[in-house]
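Colleague: below are the sequence and a predicted model; questions follow.
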Amino acid sequence: MERRAPPSWEVGLVQGGNMTDDRKSRLFLAGAMFALASGGFVMLATPSPAFAQRGSTLDSREYGDDRDSTATMQEGEEEQPQRRSQQLDPANAQRLLKIYELMQADQYQAALAELNKLIAERGESMKPYDKATTYELRGSVKYNLDDYRGALRDFETALGTNALDPARNNQLRYFIAQLYFQLEDYAAAIRGLNEWIRAAQAAGQTVDPNAYYLLAAAYIKRQPADYRAAKDPAERAVAGAPTPKKNYYDLLNLVYSETNDGAKRAALLEKMINLWPGDRAYWTQLSALYASLNRDGEAFSVLEVAYRAGLITKEGDILTLVQYYSFYDNPYRGAKLLEREMATGTVAETVKNLTLLSQLWSQAREHKRAIPVLEKASRLSDKGELAYRLGQVLLADEQYAKSEAALRAALAKGGMTAVQTGDCHLLLGTAIFAQAGPGDRAIRSRAREAFVRATNYPNVSVQARQWVGYIDEVNRVEELQDTLECQQREEARIADVERLKQGAQVCRLQGRNDCDQIIAKLREIENAKEDCSTPRSGSAPGGGAEVSPAPPGSALNEPDAPATPDATPPPAERPKLEAEKPKPE
């Protein structure tokens, strides 16, 4: 199975606190300095136990001093009550020194064999101090051999003898707590770390910031996680570190996020982007956090600065920035940014993203630039909504025939809301009507059909009926004009008939040769009689097809909303963002 990378706050989780995954840096001394005095007498000094780095050496200058436990105290600290001098049995000391030399040479298996042999031969007869030292040293060897449970047992055995000085015992408690953490026994690690911290504070010692860090991490990693308990040690770890440690800050950032402490988290992230300005996640988290706190101007500014610094390269972050441009009434810049990122392939040309781009161009009153974008988006979509929007934009750009085609395509695809469908019928009628000139009754008839269908939709029914009434009135006026013109032509025809009849009679009386022509013309005009009482074809009584009311019980009874032939969308709503949380694994 592929191993996942740990969250950023876990990287080096035990580094800086005496434990590390670097094999070259995890030799437990966890015991004393050995020395050979004159006459073969071996003494043990008890400096503060530590995880010494592999490769460290002991020379003759470290031998021979009969130091007491106060050697562990920092300069200026008050001396603790002195224990009696602790001495190793000379025979045990000689064997332990040889074992320690094997450890220095990285011969841990050999060292373990010698320690096992020593404990098997003399373990029961050892005095408590020798036993504590031997088990402490064997715990060091086992740790270096990755036998963490074995190391834990040996350190607990050494601690259980109560033969070591208080400072050394307390340091063992710290090591034991770290081992419990390493073994994922977080409850035991928490108990041990708290006990060690209390003892260190009681002794007036400065607590290692890494101990607070480990304690906070243990509270988080145990199940269920206790983020509130982790807050205080996480804060102490950050405050106590001599130089800023990224993983300490990451852990505290997570704690503030999970405890919904937005104000503290904002202040922390502000500091983090100054300490590590190249980390994209901190910028996007801070922007999202500002948005969740209704500090939208700051959210926008942070994201814009990060984008200009080249840190914002993910599609989601870019789209958020684009929406902010729209929200703050700068759709043109948002459209240019989105167009550029689409050209580079950073933002995909999906239906959703193309729709956003078209809306930005329309909001910026750049309708001609919105049209090809919407055409592409409409072709990619299997629903009619984008074709409907395309029809709106084309109508606003006075491309009436193309608008009609787009709106018909929208109705054919379907998938729109009832409000959009009604609006689409109304806009279709408008686009068709705009193509009609004087006397183009056939075109107006097609427009009227669209308006009649629109009357079935409550959101546009009032406007649709007004359009139907207007077209009917135009047709009625044209019919009256046609009738008047017909009557005028008929009166002129009758006058021509009378004139030609008189001309024919005169022709006969005069005996001219063109009488037949006059009579033929008379017959032609007599046969050209018009019936001025019949309206033009295509007009129903009242000017056209009757208006159909909405069906009884129709589900289309939505709140009235005006049609929107002006294809300019309003500025985008405030981006709805959750404060981005660090994602522990």
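Modeller: Sure thing, it's come through. In this text, all values refer to a predicted model and were calculated from it rather than measured experimentally.

Colleague: what about the nearest residue to residue 514 once chain neighbours are set aside, neighbour count?
Modeller: Residue nearest to residue 514 in three dimensions, not counting chain neighbours: residue 507, with 6.5 Å by Cβ to Cβ, 6 or more residues apart in numbering. Every C-beta, even on glycine, is put in place using the N, C-alpha and C of the backbone. Neighbour count for residue 507, taken as other Cβ atoms under 10 Å: 18.

Colleague: pLDDT at residue 507, what is it?
Modeller: Per-residue pLDDT puts residue 507 at 89.

Colleague: look up how far residue 519 lies from it.
Modeller: Look at residue 507 and residue 519: by Cβ to Cβ, to the nearest Å, they are 8 Å apart.

Colleague: near residue 414, how many other residues are there?
Modeller: Neighbours of residue 414 (other Cβ under 10 Å): 11.

Colleague: wait, doesn't it sit right on residue 384?
Modeller: Yes. The pair residue 414 / residue 384 is scored as a contact, 5.4 Å apart, by Cβ atoms under 8 Å.

Colleague: shared neighbours, those two?
Modeller: Here residue 414 and residue 384 share no contacting residue, scored by Cβ atoms under 8 Å, 6 or more residues apart in numbering.

Colleague: what residue spans form the domains of the protein?
Modeller: Following automatic domain parsing, one gets these domains for the chain: 18-72+83-207, 423-564.

Colleague: ranking those by burial, who's on top?
Modeller: With neighbours defined as mean count of other Cβ atoms under 10 Å, the domains of the chain peak in mean count at domain 18-72+83-207, which reaches a mean of 18.

Colleague: re earlier: pick out the shakiest of the domains of the chain, pLDDT-wise.
Modeller: Of all these, the minimum mean pLDDT falls on domain 18-72+83-207 (a mean of 74).

Colleague: in this protein, which spans are strands?
Modeller: Assigned by DSSP state E, the chain shows strands spanning 27-28, 33-36, 42-45, 51-52.

Colleague: distance of residue 412 relative to residue 406?
Modeller: Taking Cβ to Cβ, one finds residue 412 at 11 Å from residue 406.

Colleague: and these two? which has more neighbours close in?
Modeller: Neighbour count, other Cβ under 10 Å: between residue 412 and residue 406, residue 406 has more, with 29 against 9.

Colleague: show me what contacts the nearest residue in space to residue 298 that is not next to it in sequence?
Modeller: Using Cβ to Cβ, 6+ apart and skipping residues adjacent in sequence, the residue nearest residue 298 is residue 290, 4.5 Å away. Residues in contact with residue 290 (Cβ under 8 Å, 6+ apart) are 266, 296, 298-299, 302.

Colleague: again, 7 Å this time
Modeller: 266, 298-299, 302 (Cβ atoms under 7 Å, 6 or more residues apart in numbering).

Colleague: out of those, the closest to residue 92 would be?
Modeller: residue 266 (59.6 Å; Cβ to Cβ).

Colleague: the closest one touches residue 291, doesn't it?
Modeller: No. Contact criterion Cβ atoms under 7 Å: residue 266 and residue 291 do not qualify, at 11.2 Å.

Colleague: which of these two has more neighbours?
Modeller: residue 291 (24 against 20).

Colleague: pretty sure the more buried one is in contact with residue 301, am I right?
Modeller: No. With contact defined as Cβ under 7 Å, residue 291 does not count as touching residue 301 (11.6 Å).

Colleague: for whichever helix in the chain runs longest, name the packing helices and strands.
Modeller: Secondary structure of the chain per DSSP state H: the longest helix is helix 461-510. The helices and strands touching helix 461-510, judged by 3 or more Cβ pairs under 7 Å, 6 or more residues apart in numbering; DSSP states H and E, are helix 418-433, helix 441-454, helix 515-527.

Colleague: can I get these in a markdown table including distance to residue 188?
Modeller: As requested, these are exported to a markdown table (distance: least, Cβ to Cβ, whole Å):
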| stretch | distance to residue 188 |
| --- | --- |
| helix 418-433 | 63 |
| helix 441-454 | 74 |
| helix 515-527 | 118 |
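
Colleague: for the residue lying closest to residue 236 once chain neighbours are set aside, what are its contacts?
Modeller: Of all residues not flanking residue 236 in the chain, residue 212 sits nearest, at 4.2 Å (Cβ to Cβ, 6+ apart). Applying Cβ under 7 Å, 6+ apart to residue 212 gives the contacts 233, 236-237, 240.

Colleague: again, only this time at 10 Å
Modeller: By Cβ atoms under 10 Å, 6 or more residues apart in numbering, residue 212 lies in contact with 17, 193, 197, 230, 232-241, 248.

Colleague: the residues you listed, buried ones only, as a ChimeraX selection?
Modeller: Applying 16 or more other Cβ atoms under 10 Å to the contacts of residue 212 leaves a buried subset, and the ChimeraX line that selects it is:
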select :17,193,197,230,233,234,235,236,237,238,240,241,248
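
Colleague: out of the contacts of residue 212, which one sits closest to residue 457?
Modeller: Using Cβ to Cβ, these come closest to residue 457 at residue 230, 57.7 Å.

Colleague: check what pLDDT the closest one gets.
Modeller: Looking at residue 230, its pLDDT is 97.

Colleague: and what of the one 3 residues further on?
Modeller: On the pLDDT scale, residue 233 is placed at 97.

Colleague: distance of it relative to residue 194?
Modeller: The gap separating residue 233 from residue 194 is 9 Å, by Cβ to Cβ.

Colleague: ok, residue 326 next?
Modeller: Distance from residue 326 to residue 194, counting by Cβ to Cβ: 52 Å.

Colleague: do residue 106 as well
Modeller: In terms of Cβ to Cβ, residue 106 sits 35 Å off from residue 194.

Colleague: before we move on, what about residue 382?
Modeller: To residue 194, residue 382 is 61 Å away according to Cβ to Cβ.

Colleague: check residue 344 too.
Modeller: Residue 344 is 53 Å from residue 194, by Cβ to Cβ.

Colleague: over to residue 122?
Modeller: 36 Å.

Colleague: also residue 231?
Modeller: 15 Å.

Colleague: with residue 157 instead?
Modeller: Counting by Cβ to Cβ, the gap from residue 157 to residue 194 is 22 Å.

Colleague: looking at the domains of the chain, spot the one closest to residue 348.
Modeller: Closest among those, once you apply Cβ to Cβ, is domain 423-564, at 27.9 Å.

Colleague: can you give the distance of that closest one from its chain's centre?
Modeller: Taking Cα atoms, centre = their mean, to the nearest Å, the mean C-alpha location of domain 423-564 is offset from the chain mean by 61 Å.

Colleague: just stretch 356-373 next, same as before
Modeller: Distance, centroid of stretch 356-373 to centroid of chain: 25 Å (Cα atoms, centre = their mean).

Colleague: same question for stretch 306-318.
Modeller: Put simply, stretch 306-318 sits 12 Å off its chain's centre (Cα atoms, centre = their mean).

Colleague: end to end on that stretch, go ahead and measure it.
Modeller: With Cα to Cα, to the nearest Å as the measure, stretch 306-318 spans 10 Å from end to end.

Colleague: got a list of contacts for that stretch?
Modeller: For stretch 306-318, contacts defined as Cβ under 10 Å, 6+ apart pick out 273, 277-284, 286-288, 303-305, 320-321, 337-338, 340-342, 344-348, 350, 353, 577, 580.

Colleague: just the buried ones from those residues?
Modeller: Buried by 16+ other Cβ under 10 Å: 273, 279, 281-284, 286-288, 303-304, 320-321, 337-338, 341-342, 347, 353, 577, 580, out of these.
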